[in-house]
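A.B. asks: Sequence below, structure please.
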Amino acid sequence: MLEISDNGRTWLLSGPLSSYAVHLAEDDVLLHLHWGPRIALADAEALAALPLPEYRGFESQLDGREEYPVEGGPRFVRPALSVRTEERRGTEWRFEAYEADEGEDGELRLRFRDGGLAITLHYRMRHDVVERWVSLDNEGPVLELLRADSATWTLPDREGWRLSHLHGRWAAESQLTSAPLTYGEKVIGSRRGHTSHQHLPWVALDTDATEERGEVYGCALGWSGSWRIAVAQLPDARVQINGGVGYDESGLLRLAAGESFTTPVFAGLWSDGGFGGASRAWHAYQRAYVIPDADRDRPVLFNSWEATEFDISEEQQGALARQAAAIGVELFVVDDGWFGKRVNDRAGLGDWTPNPDRFPAGLKPLADEVHALGMQFGIWVEPEMVNADSDLYRAHPDWVQFQPGRKRTEFRNQLVLNLARPDVQEYLWEKLDAILSSAPIDYVKWDFNRCFTDAGWPGEAYPQRLWIDHVRALYALLDRLRAAHPGVSFESCSGGGGRIDLGIMSRTDEVWTSDNTDPLDRLAIQHGFTQIHPARVMAAWVTDSPNTQLNDRVSSLRFRFVSSMAGVLGVGGDLTKWTEEELAEAGGWVALYKEIRPLVQRGDLYRLRAPQGGLSAVQYVLGDESVVLAWLQAQSYGEPVPALRLRGLDPAASYECLETGEVHRGAVLLHHGLRVGLRGDLDATVLRLRRI
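C.D. replies: Next up, the predicted model:
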């Protein structure tokens, strides 16, 4: 809901539980008023009437109070907008008008101008998530955008702020860390050209919140390239958060007359339900407004990579498909090795036609066989990359990112295609459209395994624009493919969790959480991931034991399945080496997952115990049903397994309890004081509750 004061200078956006307010003061200064519990318009107007603090030497009245600080004038904080022309640097804007759309989630636009540059701040409240972004339209001389953040968030005065964020590396993504916020700036981001394994673009701040109680402020950026979020505690203890595209101020884009740039959304959420309540609000928002077809549950998949790697053939994939179908798999995916001369990771990337030696008649015969088995059919691609040993690179060596006169660095024997070039965009469209038209393909795993290093564009007048235009071209290509092939779903992968953010998630149906498929390691990765993103997009595979891909750890099939059932279940092991007993057990787990899948993928998530050793557990609640997944990571000195305090149930209702599919006769439990324990002889279990 959007409310506007009678004088048209105070704006209040409200969701079910929270409000956000701004005010246009004298001299066209846009001030932040409120972000937190829901308030009335009269409350916002009372805040607008309060005077700014008196000016003191070496300080600014505006710092820490402006809604979107620009560079220039009486300001010292980090600017959200930095513009340079041939004559000067900085911004001196004037307010022009506001526009407001009607409707429950109507958009507010505040329009400013600095000479020929039109600056529009956009706001939209969806549920309790505030979406903010900025559009810049140049109607004057050429100018350079050095920095154009999507938003600046201002927190209320509090003592003892604590900052939480997600850090990591390849195979150890989404590690949650929290620490007291100190004076100065804490900066996280990526200068790698993609979201990165090192940080997810999300931060949360609190003072004393627990998992289920206390105020939490969170911000998440929807951008799949290089980015930066800076959290600053200013000298007067006020806290502001800036976030947007690009990592530094070396230059984003050059805008000629008639050109424009729109930043990605930087979304913010206030919750008084602790970290768990904030997570559930983020999840509901993404299912409602971000994730395509979020009301459709994702199928159980089998991926061939860990079973076969590059050594594949049509006959072999068909044999795997028959075994996958026998245990209940619904989607069969052929991973790397089906195209060009891709017999290893040194050749073939960029040549997106089926290998005639491996698939003599193309992919259609295998896809038809997979469909006849009752499954969907999918393929793996990595369109943004190329091998030097490929027909594409031999024909177009200038199509990659490189610096003239410098060695072309290769990681994983790959170079990065310059997707900012229109000819590269058209080539990829033609190749991918042809593949998706050549066979009944239902699913594409879109990978990105190489960070930017030599991000040059010889001959281009403003080469650094490729950092922005690569991502914009990626989005446009995905949008075009989805429009042309509406029955195809897409997965975002980047060597695991290297490209996960609200931007890519608005164009893909799920994401590959990590290349680390060890079920114990995955508990911590999934714990961090769900701080911001829902289980509906969190792909998780059951692979072989010992886990030879990573650490040789041995784990039971039960533990592997229950770990992966916390998200979108997949199987990636070599089924040809599984025993009949293992295949039968796997079929049982797949069948159970299909029963609980609506709760896992669409239910409210409660993290009952964090994976810090001992017992860990998560709970999902949807309507009258609930499911608990629990893992016993370790048990010392014969200690009893601790009980779990369940959440999200009706305290006045009774529930029957089921364990791994078997009803415990007469086990009717009241929610008051309900504590469910894990049997000490099991390393993982599934508990199901149904209201009666």
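A.B. asks: surely His165 meets Ala204?
C.D. replies: Yes: in this structure, His165 is within contact of Ala204 by CB atoms under 8 Å, at 7.4 Å. (Glycine included, C-beta is placed from N, CA and C.)
A.B. asks: Have a look at these two and say which one is more surrounded.
C.D. replies: Between His165 and Ala204, Ala204 has the larger neighbour count (other CB atoms under 10 Å), namely 25 against 22.
A.B. asks: so that one sits in a strand?
C.D. replies: Yes: using DSSP: H, G, I helix; E, B strand; the rest coil, the assignment for Ala204 is a strand.
A.B. asks: Give me the residues contacting stretch 317-334.
C.D. replies: 299-304, 307-308, 312, 363, 366, 369-370, 373-380, 442-443, 445, 571, 575-576, 583, 586-587, 590-591, 594 (CB atoms under 8 Å, 6 or more residues apart in numbering).
A.B. asks: Give the ChimeraX command for selecting the buried subset of these.
C.D. replies: Only the buried entries of the contacts of stretch 317-334 go into this ChimeraX selection, using 16 or more other CB atoms under 10 Å:
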select :299,300,301,302,303,304,307,308,312,363,366,369,370,373,375,376,377,378,379,380,442,443,445,571,575,586,590
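A.B. asks: Go through the contacts of stretch 317-334 and flag which are in strands.
C.D. replies: Residues of the contacts of stretch 317-334 located in strands (DSSP state E): 301-303, 376-380, 443, 445, 571.
A.B. asks: ok, which pair from those residues is furthest apart?
C.D. replies: Ile379 and Val571 (17.1 Å; CB to CB).
A.B. asks: The stretch 451-600 of the chain: helices as residue ranges?
C.D. replies: With helices called from DSSP state H, counting those that start in this stretch, the stretch 451-600 of the chain shows them at 466-484, 502-505, 519-529, 557-564, 580-602.
A.B. asks: Could you export the ones you listed as JSON lines, including mean pLDDT and distance to Lys186?
C.D. replies: Shown next, in JSON lines, are those (pLDDT from 0 to 100; distance: least, CB to CB, whole Å):
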{"stretch": "helix 466-484", "mean pLDDT": "98", "distance to Lys186": "23"}
{"stretch": "helix 502-505", "mean pLDDT": "98", "distance to Lys186": "21"}
{"stretch": "helix 519-529", "mean pLDDT": "97", "distance to Lys186": "18"}
{"stretch": "helix 557-564", "mean pLDDT": "96", "distance to Lys186": "32"}
{"stretch": "helix 580-602", "mean pLDDT": "98", "distance to Lys186": "34"}
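A.B. asks: To Gly160, which of those helices lies closest?
C.D. replies: helix 519-529 (23.1 Å).
A.B. asks: Please render the ones in strands among the contacts of stretch 317-334 as a markdown table that adds distance to Ile241 and pLDDT to the earlier fields.
C.D. replies: Shown next, in a markdown table, are the ones in strands among the contacts of stretch 317-334 (distance: CB to CB, whole Å; pLDDT from 0 to 100):
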| residue | distance to Ile241 | pLDDT |
| --- | --- | --- |
| Leu301 | 37 | 98 |
| Phe302 | 42 | 98 |
| Asn303 | 38 | 98 |
| Gln376 | 41 | 98 |
| Phe377 | 44 | 98 |
| Gly378 | 38 | 98 |
| Ile379 | 40 | 98 |
| Trp380 | 37 | 98 |
| Tyr443 | 37 | 98 |
| Lys445 | 34 | 98 |
| Val571 | 41 | 98 |
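A.B. asks: Tell me the one among those nearest to Gln601.
C.D. replies: Nearest member of the ones in strands among the contacts of stretch 317-334 to Gln601, counting by CB to CB, is Leu301, at 13.5 Å.
A.B. asks: Next up, the contacts around that closest one.
C.D. replies: 329-333, 378, 443, 539, 568-571.
A.B. asks: excluding its backbone neighbours, what's nearest Arg213?
C.D. replies: Residue nearest to Arg213 in three dimensions, not counting chain neighbours: Gly274, with 4.7 Å by CB to CB, 6 or more residues apart in numbering.
A.B. asks: Tell me who's in contact with that neighbour.
C.D. replies: Gly274 neighbours (CB under 8 Å, 6+ apart): 209-214, 216.
A.B. asks: Please repeat the previous calculation with a cut-off of 6 Å.
C.D. replies: With contacts defined as CB atoms under 6 Å, 6 or more residues apart in numbering, Gly274 is in contact with 209-214.
A.B. asks: Buried ones only from those residues, please, as a PyMOL command.
C.D. replies: Selection command for PyMOL covering only the buried members of those, criterion 16+ other CB under 10 Å:
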select buried, resi 209+211+214
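A.B. asks: before we move on, which element is Ala319 in?
C.D. replies: helix 314-326 (DSSP states H and E).
A.B. asks: Show me the strands paired with the helix or strand just after that helix, marking each as parallel or antiparallel.
C.D. replies: Sequence-wise, the next helix or strand downstream of helix 314-326 (DSSP H and E) is strand 331-334. Take DSSP bridges as the rule and strand 331-334 pairs in its sheet with strand 301-303 (parallel), strand 376-381 (parallel).
A.B. asks: Need these in a markdown table (columns: distance to Leu143).
C.D. replies: Below are the strands paired with strand 331-334 laid out as a markdown table (distance: least, CB to CB, whole Å):
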| stretch | distance to Leu143 |
| --- | --- |
| strand 301-303 | 47 |
| strand 376-381 | 38 |
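A.B. asks: how about the helices in this protein?
C.D. replies: 41-48, 274-289, 305-308, 314-326, 364-372, 391-395, 422-438, 466-484, 502-505, 519-529, 557-564, 580-602 (DSSP state H).
A.B. asks: Tell me which of these sits nearest to Gly103.
C.D. replies: helix 274-289 (13.6 Å).
A.B. asks: Over to Asn413: give its phi and psi.
C.D. replies: phi 60, psi 30 (degrees, to the nearest 10).
A.B. asks: Now it. Nearest residue, chain neighbours left out?
C.D. replies: Arg346 (4.6 Å).
A.B. asks: wait, Asp454 sits on Gln403?
C.D. replies: Yes: between Asp454 and Gln403 there is a contact under CB atoms under 6 Å: 5.1 Å.
A.B. asks: I'd like the ones in strands among the contacts of stretch 317-334 written out as CSV, with distance to Thr120 added.
C.D. replies: Shown next, in CSV, are those (distance: CB to CB, whole Å):
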residue, distance to Thr120
Leu301, 42
Phe302, 48
Asn303, 44
Gln376, 43
Phe377, 45
Gly378, 41
Ile379, 41
Trp380, 40
Tyr443, 38
Lys445, 37
Val571, 48
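A.B. asks: Of those residues, which is the nearest to Met505?
C.D. replies: The nearest one, if we look at the ones in strands among the contacts of stretch 317-334 relative to Met505 and count by CB to CB, is Lys445, at 15.0 Å.
A.B. asks: List the contacts of the closest one.
C.D. replies: 380, 491, 493.
A.B. asks: Pipe the helices of the chain into TSV and attach distance to Glu159 per row.
C.D. replies: Below are those laid out as TSV (distance: least, CB to CB, whole Å):
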stretch	distance to Glu159
helix 41-48	21
helix 274-289	19
helix 305-308	50
helix 314-326	56
helix 364-372	60
helix 391-395	58
helix 422-438	51
helix 466-484	39
helix 502-505	31
helix 519-529	27
helix 557-564	40
helix 580-602	39
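A.B. asks: List every C-alpha atom in the longest strand along the chain, with coordinates, as PDB.
C.D. replies: Counting residues, the longest strand in the chain under DSSP E turns out to be strand 143-154. Presented in PDB, the C-alpha positions along strand 143-154 are these (Å, rounded to 0.1, in the frame of the first residue of the first chain):
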ATOM      1  CA  LEU A 143      28.600  11.400 -19.500                       C
ATOM      2  CA  GLU A 144      30.300   8.600 -17.700                       C
ATOM      3  CA  LEU A 145      28.700   6.600 -14.900                       C
ATOM      4  CA  LEU A 146      31.400   5.800 -12.400                       C
ATOM      5  CA  ARG A 147      29.000   4.400  -9.800                       C
ATOM      6  CA  ALA A 148      25.300   3.900  -9.800                       C
ATOM      7  CA  ASP A 149      24.100   2.000  -6.800                       C
ATOM      8  CA  SER A 150      20.600   0.600  -6.700                       C
ATOM      9  CA  ALA A 151      19.800   2.000  -3.300                       C
ATOM     10  CA  THR A 152      21.100   3.200   0.000                       C
ATOM     11  CA  TRP A 153      19.400   1.700   3.100                       C
ATOM     12  CA  THR A 154      19.400   3.600   6.400                       C
END
